[in-house]
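In: give the three-dimensional model of this entry:
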Amino acid sequence: MLSRDADSLYWLSRYVERAENTARILDVAYRLATMPASYGPTDHGNEWESALLTASAYEPFKAAYSEVTPENVIEFLVHSDANPVSIRKCFENARQNARAVRGSLTSEMWESINGAWLEMRRFKTKDFSRDQLPNFLNWVKEASLRCDGSAMRTMLRSDAYWFTRLGVYIERADNTARVLDVKYHVLLPREAEVGGGIDYYQWAAILRSVSALVSYQWVYHQNLKPWLVADFLMLKQEMPRSLAACYAELTRRLDEISHLYGRAGPSQRLARQIHAKLANGRIEDIFQSGLHEFLREFIDDNNRLGAAITDQYLI
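Out: Predicted coordinates for the structure are as follows:
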């Protein structure tokens, strides 16, 4: 496969996954902004700021807007021209990459990506209002699921499919790590008690946003506890959005690519190292050494793996 085709396959799946992740980030912000007063103080007002930080969009946002308001954050993350990775731009970029490799995609996958782009163009400004936001975010998640499902159900298990999987799991791992990091260091108000009512509601909103609240209860059979939520989203391979699950898939797909091409390289070695660290990790040790430090190191390692994949296969 030509490197430019591998690059387009890798990035089309990253952009679709990023659109879904941004929708999930906004879903968390929306849920927390509508938190009942009985759960604790609601005047801390940092849930929309946390959405920008989780999406790595705070600095670009401040360059375009003077005030962090729900309307400004929604506009910036959904469809603003000032944001190169807004949901609208993600679908547009995914379609451009899909067009470049149209011959490597099944008709079902092309139709799901092209259809999402066409539907996105039909949305009006009023559809992004705070009242209409949940309906729009549900549509984004459904569009991403259609793209992902069409790939998994119809694509031949070859290098074209494996490069799309690399894009999905690199992007998903980054998002999960950022959500956890921002939750612990930005979202919880300084005066609030960890494990208190407001903390519980925040964790429930985050688990719902990644479709994991019921799964958490199946695994742990107890109320929400911050360290168990972190364990679930980091180290449990049964949870498909966890860091460990993402790296199990990344290691597997990189190994399949190396077997096909007859040679392993830096990306395979780095993926195995990160996967082994997660597979052998214990949440007690991670909390003792510092959750923030662990997550920041993971995000850096994940970025290094993305760069290694690019250097090895995509240029």
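In: surely residue 226 meets residue 202?
Out: No: with contact defined as C-beta atoms under 8 Å, residue 226 does not count as touching residue 202 (9.5 Å). Just so you know, the C-beta spots here come from the backbone N, C-alpha and C atoms, and that holds for glycine as well.
In: between these two, who's got more neighbours?
Out: A count of neighbours by other C-beta atoms under 10 Å puts residue 202 above the other of residue 226 and residue 202, at 27 against 19.
In: please tell me how far the more buried one sits from residue 159.
Out: 41 Å (C-beta to C-beta, to the nearest Å).
In: equivalent analysis for residue 141, please.
Out: In terms of C-beta to C-beta, residue 141 sits 28 Å off from residue 159.
In: for stretch 299-315, C-alpha coordinates in CSV please.
Out: Taking C-alpha atoms only, stretch 299-315 is exported to CSV below (Å, rounded to 0.1, in the frame of the first residue of the first chain):
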residue,chain,number,x,y,z
ILE,A,299,-0.6,11.2,26.7
ASP,A,300,3.0,12.0,25.8
ASP,A,301,3.7,8.3,25.1
ASN,A,302,0.5,8.0,22.9
ASN,A,303,1.7,11.1,20.9
ARG,A,304,5.1,9.4,20.5
LEU,A,305,3.4,6.3,19.2
GLY,A,306,1.4,8.4,16.7
ALA,A,307,4.6,10.0,15.5
ALA,A,308,6.3,6.6,15.2
ILE,A,309,3.5,5.2,13.1
THR,A,310,3.7,8.3,10.9
ASP,A,311,7.5,8.0,10.4
GLN,A,312,7.3,4.2,9.8
TYR,A,313,4.3,3.9,7.5
LEU,A,314,2.7,7.2,6.5
ILE,A,315,5.4,9.4,5.0
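In: would you indicate which residues of it are buried?
Out: Buried residues in stretch 299-315, counted by 16 or more other C-beta atoms under 10 Å: 299, 301-302, 305-306, 308-310, 312-314.
In: now residue 265. Its backbone dihedrals?
Out: Per-residue torsions, residue 265: phi -160, psi -160 (degrees, to the nearest 10).
In: wait, what's in contact with the closest residue to it other than its chain neighbours?
Out: Nearest residue to residue 265 in three dimensions, chain neighbours excluded: residue 312, at 4.9 Å (C-beta to C-beta, 6 or more residues apart in numbering). With contact taken as C-beta atoms under 8 Å, 6 or more residues apart in numbering, residue 312 is in contact with 265-267.
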